[in-house]
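Trainee: turn this into a model:
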Amino acid sequence: MSIYGKIAEAEKSNTAIAVCTVVSTKGSTPAKTGAKMLVKEDGSIYGTVGGGELERKVIQDALAVIGQNEPRLFRHDLLHQHSMCCGGVVELYIEPVIRQSRLYIFGAGHVGSVLAKYSADAGFEVVVIDDRKDYTDAIAIEGVNKMNLDFDLALKLLPFDRQTYIAIMTYDHAIDRNILSFCIKKPHAYLGMIGSERKVLVTGKQFMDAGIATEEELNAVDMPMGLIPDSDGPVEIAISILAKLITVKHSLRRSNKIQTAHTTAKADKQAPVK
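Mentor: Here you go, the predicted structure:
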């Protein structure tokens, strides 16, 4: 498969990668202008930009670009920076192909449908799940996916990862708690449940008494859901929830930048001197 096929495959599967392209060379270099390499977030690669110490550093730079979600131009003096005897100079442009944040909305009622619309406009990949066909059929929003399934079945089919945002707002408290009990143990970026203060207290007590979740796990759940819990009406509530989702997304992005910068600095410090 070509590099471009691999990029399309990564976009389709929502996999985070970085595209590393040699944009200029001077002198003797192991790879020429136009050479490309893909780097996944686990450090695995496809293609090459020349191997050796240069490639090791490019992989490190690519992981930093993925973490920061910002393209960058890097210049490598092969002799002085990497002790490579070929001695030329290489410039590489590294750009991220970042996974889109996925939002699962459990419940296609008034708030769920409004949240779906605004979240899709804000760049989330939105999936609305409800077991009521007439409710899912009523949602006709570009970019919004729908699952008309029993909630228990949907939970078994949906993938979860650190880019998953979960908003629980069905028509029944018991269903909400069942979904929450499943999702609280799954990897996620955000987990929230709509409801009153009493619903939150009752849910917390039930989960603690039954050993479903720890106090720490419950405290990490956004409930009542949203930046302004006492918002009024479907539009206000949906916008309040979306504001919280965006706040979490940007907070995680800043955290990733700090962590990546720390990891890169540590790796540079520990790299052997040749």
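Trainee: flag the shaky bits of the stretch 151-274 of the chain, pLDDT-wise.
Mentor: Applying pLDDT under 70 to the stretch 151-274 of the chain flags the ranges 254-274.
Trainee: how about the helices in it?
Mentor: 151-157, 173-183, 197-210, 215-219, 233-270 (DSSP state H, counting those that start in this stretch).
Trainee: for Cys20, find the nearest of these.
Mentor: In terms of Cβ to Cβ, the element of these nearest to Cys20 is helix 233-270, at 15.4 Å. From N, CA and C alone the C-beta is placed, and that goes for glycine too.
Trainee: how far off centre is stretch 240-256?
Mentor: Computed by Cα atoms, centre = their mean, to the nearest Å, the separation of stretch 240-256 from the middle of its chain amounts to 11 Å.
Trainee: buried stuff in that stretch?
Mentor: By neighbour count, and taking 16 or more other Cβ atoms under 10 Å as the criterion, the buried residues in stretch 240-256 are Ser240, Ile241, Leu242, Ala243, Lys244, Leu245, Ile246, Val248, Lys249, Asn256.
Trainee: just send the residues you listed back as a markdown table, with distance to Val114 too.
Mentor: Listed next are these as a markdown table, based on distance: Cβ to Cβ, whole Å:
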| residue | distance to Val114 |
| --- | --- |
| Ser240 | 11 |
| Ile241 | 9 |
| Leu242 | 9 |
| Ala243 | 13 |
| Lys244 | 15 |
| Leu245 | 13 |
| Ile246 | 15 |
| Val248 | 19 |
| Lys249 | 19 |
| Asn256 | 30 |
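Trainee: which of these sits closest to Ile184?
Mentor: Each of those was scored against Ile184 by Cβ to Cβ, and Val248 proved nearest at 15.9 Å.
Trainee: the closest one reaches Thr164, doesn't it?
Mentor: No. Taking Cβ atoms under 8 Å as the definition, Val248 is not a contact partner of Thr164, at 11.5 Å.
Trainee: intersection of neighbour lists for the two?
Mentor: In terms of Cβ atoms under 8 Å, 6 or more residues apart in numbering, Val248 and Thr164 are both contacted by the residues Ala189, Tyr190.
Trainee: center of this structure, which residue is that?
Mentor: By Cα atoms, centre = their mean, the chain has its centre lying nearest to Gln163, at 2.8 Å.
Trainee: next up, the contacts around that residue.
Mentor: Neighbour list for Gln163: Asn14, Arg99, Gln100, Ser101, Arg102, Ala189 [criterion: Cβ under 8 Å, 6+ apart].
Trainee: repeat for Thr48
Mentor: The contact partners of Thr48, by Cβ under 8 Å, 6+ apart, come to Ala31, Ala35, Met37, Glu55.
Trainee: Three-state assignment for the residue nearest to the first one when sequence neighbours are not counted, please.
Mentor: I take that to be Ala31. Ranked by Cβ to Cβ, 6 or more residues apart in numbering and with sequence neighbours excluded, the top spatial neighbour of Ala31 is Gly50, at 3.9 Å. The three-state label for Gly50, taken from DSSP: H, G, I helix; E, B strand; the rest coil, comes out as coil.
Trainee: can you give me the distance of Gly50 to His110?
Mentor: Noted for Gly50: a distance of 57 Å to His110, by Cβ to Cβ, to the nearest Å.
Trainee: neighbour count for those two, which is higher?
Mentor: Each of Gly50 and His110 had its neighbours counted (other Cβ atoms under 10 Å), and the higher figure belongs to Gly50 (23 against 15).
Trainee: give me the pLDDT value at the more buried one.
Mentor: Taken from the predicted model, the pLDDT recorded for Gly50 is 82.
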